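*Asks:* For reference, the sequence and a predicted model appear below.
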Amino acid sequence: MLEAINTLETNDDPLTQPVEVITVLLAEDHSLVRRGFRRLLEDDPMVRVVGEASTGEEAVRLARELQPAVVIMDCALPGINGLAATGRIRETCSNTVVLMLSMHSEDTWVRKAMKCGASGYILKNAAELDLVAAVKSVAAGETVLDPRLSRPAALKGERSYGLTPRELQVLQLIVNGKSNKEIASHLDLSVNTVSVHRANMMQALGIHNAAELVAYAIRNALVNPV
């Protein structure tokens, strides 16, 4: 069994202390993405990738066998997903922390990941992704949240990140088949305010029409299906 944190000895100076190396397990189902992440991580001499997994079950098994300091976990793994795998790892590997990689920026997903025991949540499609810095931070006991999860204030400061409670109310009524006028009446809002909420949700989620919005909301459990 590998130690979670190995040490590198430096012999040039007898006063030099051993340097801790962070061991990492990569859990990502796309081999090319894993290869890219591995190269990125191992460019830093303080990080060592000790294993790779392509499914949730494999991630859990290897985490138990290798006891890495950090598991980089894709949220959407086949088999058991990254959220479920994170929960199992945290139950049995007390010295291992999980850094979640996800395509989803909604608050719902972040909350689910943290509830399952993740120590960090970063967006994998960000061009400026600093994976090494995030790994070092969670290994040091810090909580890491991608700054792109925080969105500018909108609708009189209502938005903090993800979808606001009001937007989720509007979204639920859209899924229920209500028109903007019906939603406005139900929530005691103006039709224009409902239209603004709808537009902001689509912009936040990268969606371009109501049908896509409904499908996305149901698929990602943002609302209760009708």
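*Replies:* Thanks, I have it.

*Asks:* Torsion angles phi and psi at the residue nearest to residue 132 when sequence neighbours are not counted?
*Replies:* Counting by Cβ to Cβ, 6 or more residues apart in numbering, residue 44 is the residue found nearest to residue 132 once chain neighbours are left out, at 4.9 Å. Quick note: C-beta positions are derived from backbone N, CA and C, even for glycine. Reported as degrees, to the nearest 10, the phi and psi values for residue 44 are phi -100, psi 120.

*Asks:* hmm, who's touching the helix or strand residue 73 falls within?
*Replies:* Using DSSP states H and E, residue 73 sits within strand 70-74. Strand 70-74 has contacts (Cβ atoms under 8 Å, 6 or more residues apart in numbering) with 22-29, 37, 59, 63, 82, 85-86, 89, 96-102, 118, 124, 131, 135, 138-139.

*Asks:* In helices only, show me those.
*Replies:* 37, 59, 63, 82, 85, 86, 89, 131, 135, 138, 139 (DSSP state H).

*Asks:* With respect to residue 200, which of these is nearest?
*Replies:* Residue 200 lies nearest to residue 82 out of the ones in helices among the contacts of strand 70-74, by Cβ to Cβ, at 27.7 Å.

*Asks:* That closest one against residue 75, yeah?
*Replies:* Yes. Using Cβ atoms under 8 Å, residue 82 makes contact with residue 75 at a distance of 4.2 Å.

*Asks:* okay, and the common contacts of the two?
*Replies:* With Cβ under 8 Å, 6+ apart, residue 82 and residue 75 have common neighbours 100, 101, 102, 113.

*Asks:* For those residues, work out which two are farthest apart.
*Replies:* It's 101 and 113 that sit farthest apart of the shared contacts of residue 82 and residue 75, by Cβ to Cβ, at 10.0 Å.
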